[in-house]
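A.B. asks: one predicted model, sequence on top.
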Amino acid sequence: MSHPLSGDVTDVVVIGGGGSGLAAAITAAEHGARVVLLERNPILGGTTRLSIGSITATRTDWQQRAGITDSPDEHFEDMAKFAGGLLPRDNLELRRILVDNVADAVRWLSSLGVTFFGPMPEPPHRKPRMHNILPNSRAYIHFLEKRARALGVDIRLDARAMDLLSDGGRVAGVDLLQSGAKASIRAGAVVLASGDFTAGRELKGEFAPALADTDAINASNHGDGQRIARRLGAVIRNGDLFVAQMRFVQPQRPSWLLTLPPNRLLTWSMLMAMRFAPAWMLRPFILSFVTTWLAPEPSMFREGAILINKKGERFVDETGQAAPAIAAQPDKDAFIVFDNRLAEQFSAWPHFVSTAPGVAYAYVPDYRSTRKDLYHEADTIAGLAQSLGVPEAALVATIAAYNKGAGDHPRGSRPPIAQPRFAALGPVRHWVVLGEGGVAVTARHEVTDDGGQTIPGLYAAGSAGQGGLLLEGHGHHLGWAFVSGRRAGAHAADWAAGRDRAPGARGVPALAGGAEE
């Protein structure tokens, strides 16, 4: 799609100010490029800012200090265990790039000031690989923004990319809306790092109609990068694959501790405390930094917890695909109800309620002490109903029917909810958390069309450039964001400077003898 070429001029434009976009902008600038970064929101961060914050990697300094012998090859093999029946759809070339480069990304982030602890286990990974950030995922953005500004990256907020400029078959810049005003930027290369399309009703309606009206964790992920790239012939891989989950609501009143900057003194102090302070003293402090939506583990339901709505009624078989049914309940809310037997079971590894930044895994006592907005407890079912604000008679009848194995959703072999005290966690809601649909890319993160030809000057990273790669399991999406962002930024800078012109690309003629321009 050709447009008049006018407005600002730069070497590289990066669309998106999350983890992958900032990584791309920083690396392009480190390669000598003038860089403009466009972020449609008034603040930087994207989905990275909302994430749990873990990165799964092998052969890191943290693994070595823990005496763990591991390899990218083993990581590559273990990633296949998460894919299940989707394994034939995985992009093995990109998986290889991830596992081979993620350790370097972790080291790079650490050099910028990010503090990690771990590694922590996560089956079916055969070895501990999950590296957790301190104090929370906002620290990524804090240090990345600091580095980007130090390098002179021109960061423009409230700036939404609307279309790509082209010239002679090559991408040549971006049309945008800057604070509601139309503008354009000419550039030698463009990197799409705008995230997934979990909030893009049109694209969700095309690829996953059942989720078209489901709320997204990141309400600004409309798929801008995928949308404008398709106009130039780009194709979306795995657009029908989404992570739609049950998640706890965010804290309504975040801790004052979140006002503290994530500098090295704070995170070093936290790290030392984690190594030497008693867990009972430390965990409440660490968990007070939690800002994101945490996901309850399905194993809680397999072990006997149930879901009720605000009417005190059970509405689904919790051991199946329960989360989507929550969206049809009053206020789209539900509560997880269980007894003391299960509370004690989910108070220590390997039975955790959820993953959590800083401590890796959160248990019932953690929620009891740090998420009083979510945790309810009483000696009787009627008392629990009062605490939840649901009808007493209805909840008492619901638990009695469940214990008898009656109703539309029998409990099967699961134990009854019968041992006082009784507890509940919630509300939980159903959200679209992540989408796997990114545009097809090469190993150099060049965007390709349906015929596999590159679209010259156009690169993609993170979820926007996932290219068919499957990223199930904790820590893989963030790992890919930083790995692909850094690589895409480097290649975009080289292309803009004339150093990375691949023969045979669309608009780039192959010369005799394989020589390059």
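C.D. replies: On my side now, so go ahead.
A.B. asks: burial check on E303, number of neighbours?
C.D. replies: 16 (other C-beta atoms under 10 Å). All C-beta atoms are positioned from the backbone trio N, CA, C, and that covers glycine.
A.B. asks: what's the spacing between it and F352?
C.D. replies: 12 Å (C-beta to C-beta, to the nearest Å).
A.B. asks: common neighbours of the two, please.
C.D. replies: By C-beta atoms under 8 Å, 6 or more residues apart in numbering, E303 and F352 have these common neighbours: F346.
A.B. asks: all strands for the stretch 151-300 of the chain, in order.
C.D. replies: For the stretch 151-300 of the chain, the strands defined by DSSP state E, counting those that start in this stretch occupy 154-157, 159-167, 170-178, 181-192, 236-237, 242-248.
A.B. asks: tell me which of the ones you listed is the most buried.
C.D. replies: strand 181-192 (a mean of 24; mean count of other C-beta atoms under 10 Å).
A.B. asks: specify the angle between that one and strand 159-167 in degrees.
C.D. replies: Strand 181-192 and strand 159-167 are oriented at 70 degrees to each other (axes from the mean of the first three to the mean of the last three C-alpha atoms, to 10 degrees).
A.B. asks: where does pLDDT dip in this protein?
C.D. replies: 1-7, 253-260, 276-292, 357-359, 500-517 (pLDDT under 70).
A.B. asks: residue ranges of each domain in it, please.
C.D. replies: As assigned by automatic domain parsing, the chain contains the domains 8-241+437-510, 245-432.
A.B. asks: single out the most deeply packed of those.
C.D. replies: domain 8-241+437-510 (a mean of 22).
A.B. asks: contacts only, for the residue nearest to L471 when sequence neighbours are not counted.
C.D. replies: Nearest non-adjacent residue to L471, counting by C-beta to C-beta, 6 or more residues apart in numbering: H477, 5.0 Å away. Residues near H477 by C-beta under 8 Å, 6+ apart: 47, 51, 434, 463, 471.
A.B. asks: repeat for I326
C.D. replies: I326 sits next to 246, 307, 316, 332-334, 428-430 when contact means C-beta under 8 Å, 6+ apart.
A.B. asks: the same query, at a cut-off of 10 Å, please.
C.D. replies: 246-247, 307, 309, 315-316, 332-334, 426-431 (C-beta atoms under 10 Å, 6 or more residues apart in numbering).
A.B. asks: out of those, who's nearest H491?
C.D. replies: Ranked by distance to H491 (C-beta to C-beta), the contacts of I326 are led by W431 at 33.6 Å.
A.B. asks: pretty sure W293 contacts S137?
C.D. replies: No - W293 lies out of contact with S137 (C-beta atoms under 10 Å); the separation is 11.6 Å.
A.B. asks: shared neighbours, those two?
C.D. replies: What both W293 and S137 touch, as defined by C-beta under 10 Å, 6+ apart, is the set 50-52.
A.B. asks: let me have the residues you listed in TSV, adding distance to D167 and secondary structure as columns.
C.D. replies: TSV is the format used below for the shared contacts of W293 and S137 (distance: C-beta to C-beta, whole Å; DSSP: H, G, I helix; E, B strand; the rest coil):
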residue	distance to D167	secondary structure
L50	37	helix
S51	37	coil
I52	42	coil
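A.B. asks: so I228 makes contact with G173?
C.D. replies: No - contact criterion C-beta under 10 Å: I228 and G173 do not qualify, at 11.7 Å.
A.B. asks: any idea how far apart the tips of stretch 398-415 sit?
C.D. replies: 15 Å (C-alpha to C-alpha, to the nearest Å).
A.B. asks: what does stretch 110-130 give?
C.D. replies: End to end - C-alpha to C-alpha - stretch 110-130 spans 15 Å.
A.B. asks: and if you look at stretch 297-308?
C.D. replies: 16 Å.
A.B. asks: so how far is it from its chain's centroid?
C.D. replies: Centroid separation between stretch 297-308 and its chain, computed with C-alpha atoms, centre = their mean, to the nearest Å, is 24 Å.
A.B. asks: ok, now how distant is the spatially closest residue to A322 that is not a sequence neighbour from G32?
C.D. replies: Spatial nearest neighbour of A322, excluding adjacent residues (C-beta to C-beta, 6+ apart): V316 at 4.7 Å. Counting by C-beta to C-beta, the separation of V316 from G32 is 56 Å.
A.B. asks: do P456 as well
C.D. replies: Distance from P456 to G32, by C-beta to C-beta: 20 Å.
A.B. asks: ok, the residue nearest to H125 when sequence neighbours are not counted - contacts?
C.D. replies: Closest residue to H125 apart from its sequence neighbours, by C-beta to C-beta, 6+ apart: D78 at 5.0 Å. D78 is in contact with 56, 58, 70, 99, 122-127, 129, 473, counting by C-beta under 10 Å, 6+ apart.
A.B. asks: any chance of the residues you listed in a markdown table, with secondary structure and distance to Y361 too?
C.D. replies: As requested, these are exported to a markdown table (DSSP: H, G, I helix; E, B strand; the rest coil; distance: C-beta to C-beta, whole Å):
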| residue | secondary structure | distance to Y361 |
| --- | --- | --- |
| T56 | strand | 15 |
| T58 | coil | 20 |
| D70 | coil | 20 |
| V99 | helix | 24 |
| E122 | coil | 9 |
| P123 | coil | 12 |
| P124 | coil | 16 |
| H125 | coil | 14 |
| R126 | coil | 18 |
| K127 | coil | 17 |
| R129 | coil | 15 |
| G473 | coil | 14 |
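A.B. asks: most widely separated two among those residues?
C.D. replies: V99 and P123 (17.7 Å).
A.B. asks: hey, what's I15 bridged with?
C.D. replies: Beta bridges link I15 to L38, L192 when assigned by DSSP bridges.
A.B. asks: so who does it touch?
C.D. replies: Neighbours of I15 in contact, by C-beta under 10 Å, 6+ apart: 21, 24, 36-40, 159-161, 164, 174, 176, 190-195, 224-225, 228-229, 460, 464.
A.B. asks: how far away is it from R231?
C.D. replies: From I15 to R231 the distance is 14 Å (C-beta to C-beta).
A.B. asks: list residues touching both of these two?
C.D. replies: By C-beta under 10 Å, 6+ apart, the residues touching both I15 and R231 are L164.
A.B. asks: residue boundaries of the strands in the stretch 351-500 of the chain?
C.D. replies: Here the stretch 351-500 of the chain has its strands, by DSSP E, counting those that start in this stretch, at 354-356, 360-362, 375-378, 422-435, 438-439, 446-448, 454-460.
A.B. asks: just checking, what packs against the third one?
C.D. replies: Applying 3 or more C-beta pairs under 10 Å, 6 or more residues apart in numbering; DSSP states H and E, we find strand 375-378 packed against strand 334-339, helix 364-370, helix 381-388, strand 422-435.
A.B. asks: of all the ones you listed, which lies closest to L94?
C.D. replies: strand 422-435 (16.2 Å).
A.B. asks: compute the inter-axis angle for the closest one and strand 242-248.
C.D. replies: Using the same axes, to 10 degrees: strand 422-435 against strand 242-248 is 150 degrees.
A.B. asks: chain center to strand 422-435, what's the gap?
C.D. replies: Centre to centre, stretch against its chain (C-alpha atoms, centre = their mean), the figure for strand 422-435 is 16 Å.
A.B. asks: one more: stretch 132-151?
C.D. replies: Centroid separation for stretch 132-151 versus its chain: 16 Å, with C-alpha atoms, centre = their mean.
A.B. asks: try stretch 303-311
C.D. replies: Centroid separation between stretch 303-311 and its chain, computed with C-alpha atoms, centre = their mean, is 27 Å.
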